[in-house]
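> Take this sequence and fold it.
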Amino acid sequence: MDAVRIAAFWILFAATHMGLSSQRLRPRLVARLGERGFQAVYSVVALAIFVPLVSSYYSHKRAGPFLWTLAQLPAVRWIGYALMGAAFVLVVAGLVQPSPASLRPGKPVVRGVARITRHPLLMGLGLWGTAHLLLAIVHASELAFFGGFLIFAIVGCDHQDQRKVATLGESYRAYVDATPFFPFTSTGFVRGLVEMPMPVALAAGIGLAWVLRNYAHSWLAG
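Sure, this is the predicted structure:
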């Protein structure tokens, strides 16, 4: 039941997140509330669901049947660490480099992190969840919580692409055609790393991952 509750929060979070930003509802809300008013309502609703989602997981960690633990395998452990570092680099780069698919709106320029993925923030969170599925002792509650990050990243990014194509038209469609959806699946990702706001994004991402892993993880993980 604990894993079901966590999954239900994820479904509610995704439904409201995508519903409020949908082409059918968003224009009506913006017309009534204004852009800033819409963003405020959007953020409040997201927090109102995400906070109890996180709280529910932390109250029921390692609940439900035991599923697996893979971190004892050296290869899997290092893959997990690599994914964790990549996740933080993508999140930081997504906040630093403006693009039409990020929190900081910008021009559809195929450069830097856009050569790695056009959705660095959400895909970074998806990688973060995936890394925990490899590194954590996974019970049903961990699968529901960390797996939710991966599923929401994929579903949310796909929804965002569809909405942006509908609102921005051919300029965003060309951006979609020129940039990868999933991280590190394009042969141009090495060039993207070189073009990123370096060394800020790379150093900050890896440094943040290292600090959290070595100094804050035991407190956060409990």
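> could you point out where the chain is predicted with low confidence?
Using pLDDT under 70 as the threshold, the predicted model of the chain has low-confidence ranges 197-222.
> domain parsing for it?
1-60, 64-221 (automatic domain parsing).
> what's the first-to-last distance across the shortest one?
In terms of C-alpha to C-alpha, to the nearest Å, the two terminal residues of domain 1-60 are separated by 10 Å.
> highest average neighbour count across the domains of the chain?
Mean neighbours per residue, mean count of other C-beta atoms under 10 Å, is largest over those for domain 64-221, with a mean of 18. C-betas here are computed from N, CA, C, even on glycine.
> which stretches of the chain form helices?
Per DSSP state H, the chain has helices spanning 2-20, 26-59, 74-96, 120-135, 140-168, 170-178, 189-195, 200-211, 217-221. These are given in chain order.
> quick one, which of those helices is nearest to Pro105?
For those, proximity to Pro105 was assessed by C-beta to C-beta; helix 140-168 is nearest, at 10.3 Å.
> tell me how far the closest one is from the chain's mean position?
The gap between the average C-alpha position of helix 140-168 and the chain average comes to 8 Å, counting by C-alpha atoms, centre = their mean, to the nearest Å.
> Repeat that for stretch 73-84.
19 Å.
> Provide the contact partners of that stretch at residue level.
For stretch 73-84, contacts defined as C-beta atoms under 8 Å, 6 or more residues apart in numbering pick out Leu70, Ala71, Leu127, Trp128, Thr130, Ala131, His132, Leu134, Leu135, Ala209, Arg213.
> would TSV of the residues you listed with distance to Ala153 be doable?
Written out in TSV, the entries for the contacts of stretch 73-84 read as follows (distance: C-beta to C-beta, whole Å):
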residue	distance to Ala153
Leu70	21
Ala71	22
Leu127	8
Trp128	9
Thr130	9
Ala131	13
His132	13
Leu134	16
Leu135	18
Ala209	17
Arg213	21
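> Now for the residues you listed: which two are most distant?
Maximum pairwise distance in the contacts of stretch 73-84, criterion C-beta to C-beta, is 18.9 Å, between Leu70 and Ala209.
> who touches the nearest residue to Gly192 once chain neighbours are set aside in this structure?
Once its chain neighbours are removed from consideration, Gly192 has its nearest residue in Arg115; the separation is 2.9 Å (C-beta to C-beta, 6 or more residues apart in numbering). Contact partners of Arg115, counting by C-beta under 8 Å, 6+ apart, are Thr179, Pro180, Ser186, Gly188, Phe189, Arg191, Gly192, Glu195.
> what do you get for Thr16?
Contacts for Thr16 were tallied using C-beta under 8 Å, 6+ apart; they are Val45, Ala46, Ile49.
> Let's see that with 7 Å instead.
Val45, Ile49 (C-beta atoms under 7 Å, 6 or more residues apart in numbering).
> State the distance from it to Leu67.
28 Å (C-beta to C-beta, to the nearest Å).
> how near is the residue nearest the centre of the chain to Phe181?
Nearest to the mean C-alpha position of the chain, counting by C-alpha atoms, centre = their mean, stands Leu122 at 2.4 Å. Computed with C-beta to C-beta, the distance linking Leu122 and Phe181 is 11 Å.
> Overlap of the contact sets of these two?
Residues touching both Leu122 and Phe181 (C-beta under 7 Å, 6+ apart): Cys157.
> Tell me the spacing between the residue lying closest to Lys107 once chain neighbours are set aside and Ala93.
Nearest residue to Lys107 in three dimensions, chain neighbours excluded: Pro100, at 7.2 Å (C-beta to C-beta, 6+ apart). Relative to Ala93, Pro100 is positioned 15 Å away (C-beta to C-beta).
> Sounds good, over and out.
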